[in-house]
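Enquirer: Kindly generate the corresponding structure for this input.
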Amino acid sequence: MAKNFYFVLIAGLLILPVDALSQSKPLTKAEITRLISGKTEVGRVVRPSGGDIGPKGTRYTIRYAANGTFRYSAGSRSGRGQWNIRDNALCRGFDGGRTSCRKIQRSGNGYVGVGFRSGSRRYTFQIR
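Expert: Purely as a prediction, here's the structure:
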């Protein structure tokens with residue numbers, strides 16, 4: 001019985017790092033474009049910074065058009081913006097304001113936007 005326990009423990013330790021690495025790899029420009037173009041992002045702000053859609057906890061919806069524009073709603077706010085992809089990061093500017101860029105990574109059943117330089121999670125979302 002002790003042998004089985006140690007086997008399961010060691011097997012689990014070997015699998016965990018591989019799964020964590022697969023989730024942390026940022027999407028490429030082509031993958032991001034396929035993911036969002038013509039689709040709707042539904043998410044929540046985790047750790048806001050300049051140029052984000054709202055404060056921590058803000059729930060939002062963004063509908064991306066293929067021409068690089070989007071419409072959004074976040075709480076009582078709504079508006080338009082522009083998006084593009086630079087250095088494998090999704091860059092968005094809300095209502096003509098400052099553009100901010102985030103690396104996009106898979107996370108469980110959804111995705112996370114990660115700080116371009118800091119690497120910290122900024123928002124979590126799903127695509128519909």
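
Enquirer: Can you show me the helices along the chain?
Expert: For the chain, helices defined by DSSP state H occupy the ranges 2-24, 29-36.

Enquirer: Lowest mean pLDDT across these, which one is that?
Expert: If you rank the helices of the chain by mean pLDDT, helix 2-24 sits at the bottom with a mean of 44.

Enquirer: Where do the strands of the chain begin and end?
Expert: 40-45, 59-64, 69-74, 77-86, 89-94, 99-107, 110-115, 121-127 (DSSP state E).

Enquirer: Dump the ones you listed into TSV; add distance to residue 27 and mean neighbour count as well.
Expert: C-beta here means a position set from N, CA and C on the backbone, and glycine is covered the same way. Shown next, in TSV, are those (distance: least, C-beta to C-beta, whole Å; neighbours: other C-beta atoms under 10 Å):
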stretch	distance to residue 27	mean neighbour count
strand 40-45	13	19
strand 59-64	14	18
strand 69-74	18	17
strand 77-86	9	15
strand 89-94	9	20
strand 99-107	5	18
strand 110-115	8	20
strand 121-127	12	17
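
Enquirer: Quick check: closest non-adjacent residue to residue 44.
Expert: residue 59 (5.2 Å; C-beta to C-beta, 6 or more residues apart in numbering).

Enquirer: ah, wrong one, I meant residue 73
Expert: residue 61 (5.2 Å).

Enquirer: Now do the contacts for that neighbour.
Expert: 40-42, 72-74 (C-beta atoms under 8 Å, 6 or more residues apart in numbering).

Enquirer: shaky segments in this protein?
Expert: 1-24, 51 (pLDDT under 70).

Enquirer: repeat that with 80
Expert: Applying pLDDT under 80 to the chain flags residues 1-24, 49-52, 116-118.

Enquirer: Which one of the strands of the chain lies nearest to residue 33?
Expert: Each of these has some distance to residue 33 by C-beta to C-beta; the shortest is strand 77-86, at 6.4 Å.

Enquirer: Off-centre distance for that closest one?
Expert: 14 Å (C-alpha atoms, centre = their mean, to the nearest Å).

Enquirer: now it and strand 69-74, what's the angle there?
Expert: In terms of direction (axes from the mean of the first three to the mean of the last three C-alpha atoms, to 10 degrees), strand 77-86 departs from strand 69-74 by 130 degrees.
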